[in-house]
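Peer 1: Sharing a model prediction with you, sequence too.
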Amino acid sequence: MEATARAPGKIILSGEHAVVHGSTAIAASINLYTQVNLRIFDDHENGDRLLTLQLKDVELDFSWPVGRIREALPELSTPSSSSPTACSPQFMKLIAALVEEQDIPEANAGLAAGVSAFLWLYASILGCKPATVIVTSDLPFGAGLGSSAAFCVALSAALLALSDAVSLDLNHQGWLTFSETDLELVNRWAFEGEKIIHGKPSGIDNTVSTFGNMITFKLGNLSCIKPTLPLRMLITNTRVGRNTKALVAGVSERTLRHPDAMASVFSAVDSISRELSVIIQSPAPDDLAITEKEAKLEELMEMNQGLLQCMGVGHASIETVLQTTLKYKLTSKLTGAGGGGCVLTLLPTLLATSVVDKVIADLESCGFQCLIAGIGGKGVEIRFNGSP
Ligand SMILES: Nc1ncnc2c1ncn2[C@@H]1O[C@H](COP(=O)(O)OP(=O)(O)OP(=O)(O)O)[C@@H](O)[C@H]1O
Ligand SMILES: C[C@@](O)(CCO)CC(=O)[O-]
Ligand SMILES: [Mg+2]
């Protein structure tokens, strides 16, 4: 049996990090995807009864005899696909041993978290069956565009599609969307994978990758936003790698040291997100109104960036992007966990293309990578047996 799932990355317009501490955040899917192809073998098909994970973008393959996994994770021989379960510290240790055996190159050490999430989701949803999983992605790892979430969502979707937990038309040709109920199940499993990679995620990344569009998110609850503004965002990748888990932990540690001050910071971010949501959805009768609303958006982005600085997740490379875009009277803010990674710049509707080209040339001369991604598209989708 074979299935392929694809899940989008994301940008966070406001509220990153504060959302982990209960504030409202706004996120949108982007048209960059992670794709997971899953092929399950019957016993006779896969002679060595192997579980193989191929990460095409980093040209790394991992392989375990199914018997080795069954021996290491005996309690997982019967899958629980309908009941998303957290990976306990005890299971984490057993999985870490299976990952350790693969001798991941030092340069790719960060992948250990992703491979651990893979083993947990595979064994919990499908049990110890021989399979080959091939992963490809448009998303840069560790850049703030939700690569970990897109990986966990696409993987959970592919595994569930071939489990008995969801009902899908296996003969459907082309990409298929799950039912709302099944999307909830995909999202809950993906969140368990994100916990392995992020440590203490809010759930916003996997939620927007699962459901797509643009959402407000607070304490696990999402609502869909219907923008009345043509939001055009330039995404600049500083190419400064960082680790979301460490950055999220750093904000929590600062909160322990300064509880009252950080509570005020998180409350201010909550207000910014709620105000942003109202502006983005308010009726836009004419161009003047659009320009006025974009000016308010820019001011709120600037305020959010200042509060992210308070949280300690800035970086010199992010400052360089802020200063460079400011020369063109444009407003930017980091997106995702910060500490490097990606920065958003709002491109006003009336901004001339020639100016956009100059801004991009200026940023690329700093060694950064720029793209204008489509935002607010579909969430996770599935297709079967290699159908186009
Ligand atoms: N395609 C993939 N295959 C395997 N592992 C992946 C893949 N994409 C992401 N990961 C895992 O997720 C890690 C990066 O996750 P991290 O949360 O640090 O960054 P991000 O998700 O890109 O940024 P942010 O969480 O700020 O949006 C990688 O080091 C790897 O462990
Ligand atoms: C930094 C953070 O708020 C967003 C990362 O994309 C972490 C999370 O919410 O899980
Ligand atoms: Mg992530």
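Peer 2: Nice, I can see it. Numbers count the residues shown, from 1 in each chain. Ligands and ions are numbered 1, 2, ... in the order given.
Peer 1: so how many other residues sit close to the nearest residue to Ala143 once chain neighbours are set aside?
Peer 2: For Ala143, ignoring the flanking residues on the chain, the nearest one in space by C-beta to C-beta, 6 or more residues apart in numbering is Gly341 at 4.7 Å. For the C-beta atoms, the positions are set from N, CA and C on the backbone; glycine is no exception. Gly341: 27 surrounding residues under other C-beta atoms under 10 Å.
Peer 1: Could you list the contact residues of this protein toward ligand 2?
Peer 2: Residues of the chain lying near ligand 2 by C-beta under 6 Å from any ligand atom: 12, 16-17, 19-20, 146, 198, 201-202, 204-205, 244, 248, 336-337.
Peer 1: Which members of those residues are positioned in strands?
Peer 2: Members of the residues of the chain next to ligand 2 lying in strands (criterion: DSSP state E): Ile12.
Peer 1: Go through the residues of the chain next to ligand 2 and name the one nearest ligand 3.
Peer 2: Thr244 (4.6 Å; C-beta to the ion).
Peer 1: Contact partners for that closest one?
Peer 2: Counting by C-beta atoms under 8 Å, 6 or more residues apart in numbering, Thr244 makes contact with Gly142, Gly144, Ser148, Ile197, His198, Gly336, Ala337.
Peer 1: May I ask which helix or strand encompasses the closest residue to the first one other than its chain neighbours?
Peer 2: Looking back up the chat, that one is Gly142. Excluding the flanking residues, the one nearest Gly142 by C-beta to C-beta, 6+ apart is Gly241, at 4.9 Å. Under DSSP states H and E, no helix or strand contains Gly241.
Peer 1: quick one: Gly241 and Val248, what's the gap?
Peer 2: To Val248, Gly241 is 16 Å away according to C-beta to C-beta, to the nearest Å.
Peer 1: and these two? which has more neighbours close in?
Peer 2: Val248 (20 against 13).
Peer 1: The more buried one touches Ile204, doesn't it?
Peer 2: No. Val248 is beyond contact range of Ile204, at 11.9 Å (criterion: C-beta atoms under 8 Å).
Peer 1: With distance to ligand 1 as new columns, can the contacts of Thr244 be given to me in JSON lines?
Peer 2: What follows is these, written out as JSON lines (distance: C-beta to the nearest ligand atom, whole Å):
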{"residue": "Gly142", "distance to ligand 1": "4"}
{"residue": "Gly144", "distance to ligand 1": "4"}
{"residue": "Ser148", "distance to ligand 1": "3"}
{"residue": "Ile197", "distance to ligand 1": "5"}
{"residue": "His198", "distance to ligand 1": "6"}
{"residue": "Gly336", "distance to ligand 1": "3"}
{"residue": "Ala337", "distance to ligand 1": "4"}
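Peer 1: taking those residues one by one, which sit in helices?
Peer 2: Secondary structure defined by DSSP state H assigns Ser148, Ile197, His198 of these to helices.
Peer 1: Could you list the contact residues of the chain toward ligand 3?
Peer 2: Ser148, Thr244 (C-beta under 5 Å from the ion).
Peer 1: can I see the domain layout of the chain?
Peer 2: 2-225+377-384, 231-375 (automatic domain parsing).
Peer 1: most packed of those?
Peer 2: Of all the domains of the chain, domain 2-225+377-384 carries the top mean neighbour count, a mean of 20, counting by mean count of other C-beta atoms under 10 Å.
Peer 1: Could you give the average pLDDT over that one?
Peer 2: Throughout domain 2-225+377-384, pLDDT has a mean value of 94.
Peer 1: On the three-state scheme, Leu229 is what?
Peer 2: At Leu229 the chain is in coil, as set by DSSP: H, G, I helix; E, B strand; the rest coil.
Peer 1: no, scratch that, I was asking about Cys128
Peer 2: coil.
Peer 1: In three-state terms, how would the nearest residue to it once chain neighbours are set aside be classified?
Peer 2: Among residues not flanking Cys128 along the chain, Arg70 sits closest, at 4.5 Å (C-beta to C-beta, 6+ apart). When classified by three-state DSSP, Arg70 comes out as helix.
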